[in-house]
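Trainee: model the following, please.
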Amino acid sequence: MGAAPASRDVTSYGMGLAAPLALFFLIFFVAPLLQLFWLSLHNDTAGLHWGLGQYLHFLTDPFSLGVLGSTLLLGAEVTAVCLVLGFPIAWLYQRVGPKLQTIIILIVLLPLLTSVVVRTFAWIVILGRQGIINATLQSLGVIDTPLKLLYTQFGVVIALAQVQMPLMTLPLITALGRIDPNLDDASCSLGAGSWRTFFRIVLPLSLPGVIAGCTLTYAAAITAFITQSLVGGGQMLFMPMYLYQQASTLQNWPFAAAISIIFLLAVLAVVSVFTTLGRLSRGYGGA
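Mentor: Below is the predicted model:
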């Protein structure tokens with residue numbers, strides 16, 4: 001009688017199952033990216049000369065570098081605002097009953113249920129010279145003339161923070177939900193105050209959620225073309241609009257391709273930093 005066949009592990013799958021996804025990834029992501037890089041190697045719009053002239057033009061142009069710097073700074077400001085506002089919301093979510101949790105999660109997800117164009121135009125109405133904020137401040141006698149809130153860095157940051165808030169709050173809710181509530185009681189019983197418990201217990205254990213939220217928020221904020229364009233107006237220029245102007249208005253496709261590659265590398269560099277911090281935070285939180 002022959003030996004019984006070895007039982008197959010039902011949790012293991014062949015790599016062939018990933019072939020359709022890999023093919024889709026190659027066709028719709030890798031191939032266009034390679035074509036974009038190939039286009040960026042043209043030194044002229046006619047495609048007669050090859051080289052790194054477009055990259056040198058960007059890296060030696062103070063205006064282009066300023067646009068890149070302002071875009072990266074915008075992402076940092078939006079991320080900071082979302083973190084400061086999102087952490088208390090996530091902390092409150094873990095300390096209220098199920099009914100209030102449903103209300104909070106609905107409020108958090110509400111921006112995702114509305115079109116980004118609708119949300120952006122709503123902020124234009126709110127931040128305008130005759131908007132809700134200026135009208136309220138004038139009715140209270142706080143200001144005599146309307147404040148310039150629209151088409152400013154402040155307006156863009158506030159609008160983007162509201163739009164991207166779910167990307168920060170949801171990872172924080174998940175991270176705080178994994179913390180054992182008994183740790184707070186144990187810390188307090190050992191004589192630690194609320195702030196010391198927060199900085200020594202809650203914050204270190206929630207760092208993976210903080211890093212994940214910062215990564216998602218930052219990447220989404222610096223690439224938010226519609227909000228940046230409508231709320232920022234023509235007085236503020238960021239990388240997505242700069243790329244659009246070069247490609248559609250000036251028809252300078254090689255330079256637009258070079259801008260895309262440089263912008264992509266800059267975003268990947270920032271995401272890599274967040275990823276490294278996330279790995280360190282997991283070790284620190286588990287220490």
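
Trainee: wait, doesn't residue 43 sit right on residue 57?
Mentor: No: the pair residue 43 / residue 57 is not scored as a contact, 9.0 Å apart, by C-beta atoms under 8 Å. For every residue, glycine as well, the C-beta is placed using N, CA and C.

Trainee: settle it for me: which of these two has more neighbours?
Mentor: The residue with more neighbours, out of residue 43 and residue 57, is residue 43; 18 against 14, by other C-beta atoms under 10 Å.

Trainee: list the contacts of the more buried one.
Mentor: By C-beta atoms under 8 Å, 6 or more residues apart in numbering, the contact list for residue 43 reads 49, 50, 51, 53, 54, 254.

Trainee: dump those residues to JSON lines, plus neighbour count.
Mentor: Shown next, in JSON lines, are those (neighbours: other C-beta atoms under 10 Å):
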{"residue": "49", "neighbour count": "11"}
{"residue": "50", "neighbour count": "11"}
{"residue": "51", "neighbour count": "11"}
{"residue": "53", "neighbour count": "17"}
{"residue": "54", "neighbour count": "24"}
{"residue": "254", "neighbour count": "23"}
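
Trainee: quick one: which of those is nearest residue 202?
Mentor: The nearest member of the contacts of residue 43 to residue 202, counting by C-beta to C-beta, is residue 54 at 48.1 Å.

Trainee: please, which helix or strand holds the closest residue to that closest one other than its chain neighbours?
Mentor: Spatial nearest neighbour of residue 54, excluding adjacent residues (C-beta to C-beta, 6 or more residues apart in numbering): residue 258 at 3.6 Å. Element membership for residue 258, per DSSP states H and E: helix 253-286.

Trainee: quick check, residue 57 in contact with residue 255.
Mentor: Yes: using C-beta under 8 Å, residue 57 is in contact with residue 255, at 6.7 Å.

Trainee: distance of the residue nearest to residue 173 when sequence neighbours are not counted from residue 83?
Mentor: Nearest residue to residue 173, sequence neighbours excluded (C-beta to C-beta, 6+ apart): residue 90, at 4.5 Å. Here residue 90 is placed at a distance of 10 Å from residue 83 (C-beta to C-beta, to the nearest Å).

Trainee: pick out whichever of these two has more residues nearby.
Mentor: More crowded of residue 90 and residue 83, by other C-beta under 10 Å: residue 90, with 24 against 17.

Trainee: list the residues that contact that one.
Mentor: Residues in contact with residue 90 (C-beta under 8 Å, 6+ apart) are 169, 172, 173, 175, 176, 209.

Trainee: can you pull the pLDDT of it?
Mentor: Residue 90 carries a pLDDT value of 92.

Trainee: for the residue nearest the centre of the chain, pull up the helix or strand it's in.
Mentor: Residue closest to the average C-alpha location in the chain (C-alpha atoms, centre = their mean): residue 217, at 2.3 Å. Assessed by DSSP H and E, residue 217 sits inside helix 203-222.

Trainee: now that helix and helix 253-286, what's the angle there?
Mentor: On the basis of axes from the mean of the first three to the mean of the last three C-alpha atoms, to 10 degrees, helix 203-222 is oriented at 170 degrees to helix 253-286.

Trainee: tell me which residues of helix 203-222 come out buried.
Mentor: Buried positions in helix 203-222, judged by neighbour count with 16 or more other C-beta atoms under 10 Å: 204-222.

Trainee: residues near residue 72, how many?
Mentor: So residue 72, with other C-beta under 10 Å, has 19 neighbours.
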